[in-house]
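**Q** Model the structure of this input:
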Amino acid sequence: MPRKYKVHEIVLELLKQGEMSRMQLLSEVRHNSGLSVSDKTLNEAIVSLLRENEIGVVGYDLSIYDGVNRVQSLKSDGILFSLVKKDQLEIGILLSKLDSENLDEARNAFTQLGMIFRNKITKLIEEGALEQISSEKISDLFNKIVKYMAAQEPNQKRNILQKFAWGLSDEKDSNETLKQLLAIFER
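**A** Sure thing, here's the model as predicted:
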């Protein structure tokens, strides 16, 4: 197996444990593979996984600046990556985290869900299943759906949450469910 693919697999395995910064990934990939993986090889693997929508950027670890207050350049080592969750159950869990009292947990869930939503819509547009939608409109639709869910009674909220989780998943017929939701909220 070529080294490049081994790095892909190791990155995916590591991210199953949770989000990691680029710096953490490099250290762990080197440790777990026993190879002297270069920055270039890791970057190629990360970009490939980003293009395939297997992973996503979920934040930035400011601790890499170690007490430096005046930051003049952004280091790529602090970028936080996570697996893109595409299973209906995992997406449902993320949706339920939107109601968390832990603001970081809610913010992280919102960011991940927004990324999944954007990726799914973009994929549907590329496949010709949806007409072209601007990036701004995609964000507006996502925000509109989330606000609508938050304002509903518990039973209604549970129903829309299940439909939204199904629509964002990679399950069979999920694209149709998402298109139906979009038709409701595009008005």
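
**Q** Quick check: Lys97 touching Ala106?
**A** Yes. Lys97 lies in contact with Ala106 (C-beta atoms under 8 Å); the separation is 6.1 Å. C-beta here means a position set from N, CA and C on the backbone, and glycine is covered the same way.

**Q** just the helices in the protein please.
**A** 3-15, 22-33, 39-51, 88-97, 103-126, 135-150, 154-168, 174-185 (DSSP state H).

**Q** Gly78: which of these is closest?
**A** Closest approach to Gly78 among the helices of the chain is made by helix 22-33 (7.1 Å; C-beta to C-beta).

**Q** Give the buried residues for that closest one.
**A** By neighbour count with 16 or more other C-beta atoms under 10 Å, helix 22-33 contains the buried residues 22-26, 28-30.

**Q** what's the closest of the residues you listed to Glu176?
**A** Comparing those against Glu176 with C-beta to C-beta places Leu25 closest, at 36.2 Å.

**Q** The closest one contacts Leu42, correct?
**A** Yes. Here Leu25 reaches Leu42: they are 6.5 Å apart, a contact under C-beta under 8 Å.

**Q** what do these two both touch?
**A** Shared contacts of Leu25 and Leu42 (C-beta atoms under 8 Å, 6 or more residues apart in numbering): Val11.

**Q** Give the residue spans of this structure that score low on pLDDT.
**A** 1-5, 85 (pLDDT under 70).

**Q** I'd like the distance from the nearest residue to Leu181 once chain neighbours are set aside to Glu90, if you could.
**A** Excluding the flanking residues, the one nearest Leu181 by C-beta to C-beta, 6 or more residues apart in numbering is Gly167, at 5.4 Å. According to C-beta to C-beta, to the nearest Å, Gly167 stands 14 Å off from Glu90.

**Q** Those two: which is more packed in?
**A** Taking other C-beta atoms under 10 Å, Gly167 and Glu90 do not tie; Gly167 has more neighbours (23 against 17).

**Q** residues contacting the more buried one?
**A** Contacts of Gly167 (C-beta under 8 Å, 6+ apart): 120, 174-175, 177-178, 180-181.

**Q** hang on, Phe117 packs against Ser135?
**A** No. Counting by C-beta under 8 Å, Phe117 does not reach Ser135; the two are 11.7 Å apart.

**Q** between those two, who's got more neighbours?
**A** Phe117 (22 against 10).

**Q** Next up, the contacts around that one.
**A** Phe117 neighbours (C-beta under 8 Å, 6+ apart): 138, 141-142, 168.

**Q** burial of Leu74, as a residue count?
**A** 10.

**Q** re the thing from before, using TSV, lay out the helices of the chain together with distance to Gly78.
**A** Shown next, in TSV, are the helices of the chain (distance: least, C-beta to C-beta, whole Å):
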stretch	distance to Gly78
helix 3-15	16
helix 22-33	7
helix 39-51	14
helix 88-97	23
helix 103-126	16
helix 135-150	24
helix 154-168	28
helix 174-185	33
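
**Q** how about those, which one is nearest Gly59?
**A** helix 103-126 (6.9 Å).
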